[in-house]
Every structure is written in structure tokens, then in C-alpha cells.
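Asks: just to be clear, the model below is a prediction. Sequence and coordinates:
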Amino acid sequence: MRRKRKHLPALVEAPIAALIRGAMTAPLALGLPAALGMARGLGEVYPRLQPKRFERAVRNLRDAYPAWSEDRVRANAVASYQHLFQLGVELLFTPRLVTRETFARHLHFSNASLPGVLEVLSDSPVILITGHVGNWELVGYAMSMLGFRVHAVYRPLDLRPLDAWVRDTRERRGLTLVSKFGAMKALPRALARREPVGLVADQSGGERGVFVPFFGRLTSTYKSVGMLALQSKARLVCGYARRLAPGEPPPPTMLGEQPRAASADTLRYVVETVDVFGPDEYMAQPDPLYYITARYRRALEAMVRRSPEQYFWMHRVWRSRPLHERTGKPFPAHLRAKLEALPWMTPADVEAVVERSARDAADLKALQR
């Protein structure tokens, strides 16, 4: 059984939550342009205050982009922190700015989003997949603003008054928040009602997760998404909300209009679908669970490659390692066979994953000495 979560006494929680809410009003009082400017400044300074965490982002970028220069790696690591701080400001302003009357000023459904929208309009159960790239919260907002009842999985905040505020502000905009604790019971019922489910699915699955390629390196990924898809025979829509760069004109929308170019001080995102697939494809594979997990992880990589400066490189995405690496065993034949069965993996791709796994095993062995 899962342990019951512990909370602070209500008499302590309330004043702490009030202080946090009070601090959150400062950016709102400044206004969005000034708050975003301060966020970018904090993102540039923060790496000097937390050099160890910054170096983790640098290492992850080096692993993902070995051909990049050191200057480019570090510039993108700084940009990742700037994105993180800007995202915090945007999340505060989202309930105020993104309403049913005004969301089209801030969220653009490009032609690239059309396949995903059509899937949600169908009579099939649909799982919406995104990652910690761009603004994942706006993906759920985007669909709810179009009139879809989206069930978004989230981790409840430890401070109950603050958690209640988050739930209230999000659910007033049409989102249904589902706690990650117990989500596997609630989500199948939502899918059975043909209500879309939204998941941020790039967290590490730990040592018992499914190890699939991500930037050519085995990455632990939760089994739960694939198991949910198999249980409900759902179709998976992988996409994200990408922040528009200053001066970048949004691509043509589904309505055929051409919105104005974005500036650095506005909340402007474009919603893009990266991949769509369903049971007609994954049930035909030798290992449907592995195929689902590997394919949506591949879509997450495509999102990151499109917007590397908008990804959370400070996450320990490659921290958990497969059993054969931890025990110094050869690369398992069954895992190689699973990689070779993935339609998009070439023999060279498979060998690159195997070679990288051997390097990771050697690094683990050196640390254990």
C-alpha cells in the first residue's frame, strides 16, 4: 500500500500559503513585459548561483548534441534556465490572460496541429502526450479552450491551500486535474467516456521503467502510458506548445489567418502536433508496450530538437540505468531485438545505442571503485 501523504497542520499551512500567494502578486503587479524581462535576467544569473545544477544541464546538452561547440552548449543551457523562469511568470499570468474570449491572441493552432485536433474530434479514446518542453500546461488549456473536456494528470502540491488554488484556477478554464496518485484508476474511466487525457510523459521511470532510446541513449520511461493505451486501445497524440521567438511570425493557422509576429514581452505560443498513432500500428508490433513507449519518447525527442532552448536540461533524464549496465553484463539480446524491431531504427542507430550503453556501463563501474 502507498503511504498516506503527510501534510503540515492547517494552522501552519494557511499562513505559509498566504505568504506564497502574496509573493506571487509581485510579478502580476509589475505587468507581463516587466516580469518576463526580470525572469530572463534571473535565468541568466541563476547558473552562477547554482553552478552544480547548471553543469548538469551542460553535461546533458553535451550528450544530446556531441557536435555542438562548447559555447553553443552553454548558451543553450543558459537559455533553458531563462525559459524556466519565464515559464514561471507565464503560469501566473495564464489564468488572467488565457480565457475563452482571448486565448487566440496567445495560442495559435497552426496547420501542424490539425492532425491532433482531428483525433480529439474522433470517437476514439485519445491520450495527449507532451514533455517538459515549451509550455506543457498550455497544451491542456489549448484543448479545453476548444471545448474539449481534458483530464490532465498533475502532482498535487504539498501545501493544501495552494493546491486548492491551483485546482480552482485551472478547472475554471475547463481542465479537469487528476492527481498522479490514483490516476491509473481515474484515467481509464475518462477514456471510456471518450474524454481526452493529457500527460507530461518525459519523467524518468526509475530502474524498473522501460528503457528506450532518447538522443541515442537508453532512457528509463514509465510503463503506465503504454499500459493505459493498451488497456483502452487509445490513440496517442504527441505535441507541444512552442514559445514563439521574438520577431517570429506564427505559422498559418487552421483558420487561414496570419497572426502578428511575437515580441519578447508577450505570451505567444504555437501548438504543434509531432506524431499521431494508434492500435492499428502498435498492436501489430512484436512488443506493443515497448513500441508505444519508444515511439512517444521519439516524439518527445523531436519536440526537444525543434526547441532545445525550451527544454528542461537540468532534469536527470539519464540518471536511472538498465540492469545490464548496473551489473556489468553484456547488452541483452532481447533488448537488442526490441530495438531492431522498431521501424525507424537503422542498424547504425542500434549499434550507436549499444555502444553508448557500453560507455555508460564503464562509467558506472569507474564510479563504484
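Replies: Cool, the structure landed.
Asks: now for residue 69, how many residues are close by?
Replies: 9 (other C-beta atoms under 10 Å). The way it works is simple: take the backbone N, C-alpha and C, and place the C-beta from them, glycine included.
Asks: and residue 343, by the same measure?
Replies: Neighbour number of residue 343 under other C-beta under 10 Å is 8.
Asks: ok, now the one 3 residues further on?
Replies: Residue 346 has 10 neighbours, counted by other C-beta under 10 Å.
Asks: report pLDDT for it.
Replies: Predicted confidence (pLDDT) for residue 346: 97.
Asks: next: residue 352.
Replies: Reported pLDDT for residue 352: 97.
Asks: so what's it up against?
Replies: residue 216 (C-beta atoms under 8 Å, 6 or more residues apart in numbering).
Asks: all strands for the stretch 151-300 of the chain, in order.
Replies: 151-154, 176-179, 197-200, 210-214, 217-221, 235-243, 269-277 (DSSP state E, counting those that start in this stretch).
Asks: format those as JSON lines; extra columns: mean pLDDT, mean neighbour count and distance to residue 313.
Replies: Below are those laid out as JSON lines (pLDDT from 0 to 100; neighbours: other C-beta atoms under 10 Å; distance: least, C-beta to C-beta, whole Å):
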{"stretch": "strand 151-154", "mean pLDDT": "77", "mean neighbour count": "22", "distance to residue 313": "22"}
{"stretch": "strand 176-179", "mean pLDDT": "77", "mean neighbour count": "18", "distance to residue 313": "27"}
{"stretch": "strand 197-200", "mean pLDDT": "90", "mean neighbour count": "26", "distance to residue 313": "16"}
{"stretch": "strand 210-214", "mean pLDDT": "97", "mean neighbour count": "24", "distance to residue 313": "13"}
{"stretch": "strand 217-221", "mean pLDDT": "96", "mean neighbour count": "23", "distance to residue 313": "14"}
{"stretch": "strand 235-243", "mean pLDDT": "93", "mean neighbour count": "25", "distance to residue 313": "16"}
{"stretch": "strand 269-277", "mean pLDDT": "92", "mean neighbour count": "21", "distance to residue 313": "19"}
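Asks: got those strands as TSV, with distance to residue 318 columns?
Replies: Shown next, in TSV, are those (distance: least, C-beta to C-beta, whole Å):
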stretch	distance to residue 318
strand 151-154	23
strand 176-179	27
strand 197-200	18
strand 210-214	8
strand 217-221	6
strand 235-243	21
strand 269-277	21
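Asks: so for residue 346, which of those sits nearest?
Replies: strand 210-214 (11.7 Å; C-beta to C-beta).
Asks: got the CA positions of the closest one in PDB?
Replies: C-alpha atoms of strand 210-214 as PDB (Å, rounded to 0.1, in the frame of the first residue of the first chain):
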ATOM      1  CA  VAL A 210      11.100   0.700 -19.900                       C
ATOM      2  CA  PHE A 211      14.500   1.600 -21.400                       C
ATOM      3  CA  VAL A 212      14.100   3.200 -24.800                       C
ATOM      4  CA  PRO A 213      16.300   5.400 -26.900                       C
ATOM      5  CA  PHE A 214      16.400   9.200 -26.300                       C
END
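Asks: so what's the gap between that strand and the chain middle?
Replies: On the basis of C-alpha atoms, centre = their mean, to the nearest Å, strand 210-214 sits 16 Å off its chain's mean C-alpha point.
Asks: looking at the strands of the stretch 151-300 of the chain, which is nearest to residue 160?
Replies: Per C-beta to C-beta, nearest to residue 160 of those: strand 176-179, 12.3 Å.
Asks: please state the offset of the host helix or strand of residue 76 from the chain centre?
Replies: Secondary structure from DSSP states H and E places residue 76 in helix 70-97. Here helix 70-97 shows a centroid-to-chain-centroid distance of 14 Å under the convention C-alpha atoms, centre = their mean.
Asks: quick check: mean pLDDT of stretch 117-134?
Replies: 88.
Asks: how far does that stretch stretch from start to finish?
Replies: End-to-end distance for stretch 117-134: 19 Å, by C-alpha to C-alpha, to the nearest Å.
Asks: ok now it, how far from the chain's centre?
Replies: 13 Å.
Asks: among the strands of the stretch 151-300 of the chain, which is nearest residue 115?
Replies: With C-beta to C-beta, the closest approach to residue 115 among those belongs to strand 269-277: 4.8 Å.
Asks: relative to strand 269-277, how tilted is the helix holding residue 76?
Replies: Relative orientation of helix 70-97 versus strand 269-277 (axes from the mean of the first three to the mean of the last three C-alpha atoms, to 10 degrees): 100 degrees.
Asks: and helix 70-97, which residues are buried?
Replies: Judged by neighbour count using 16 or more other C-beta atoms under 10 Å, the buried positions of helix 70-97 are 73-74, 76-87, 89-90, 92-95.
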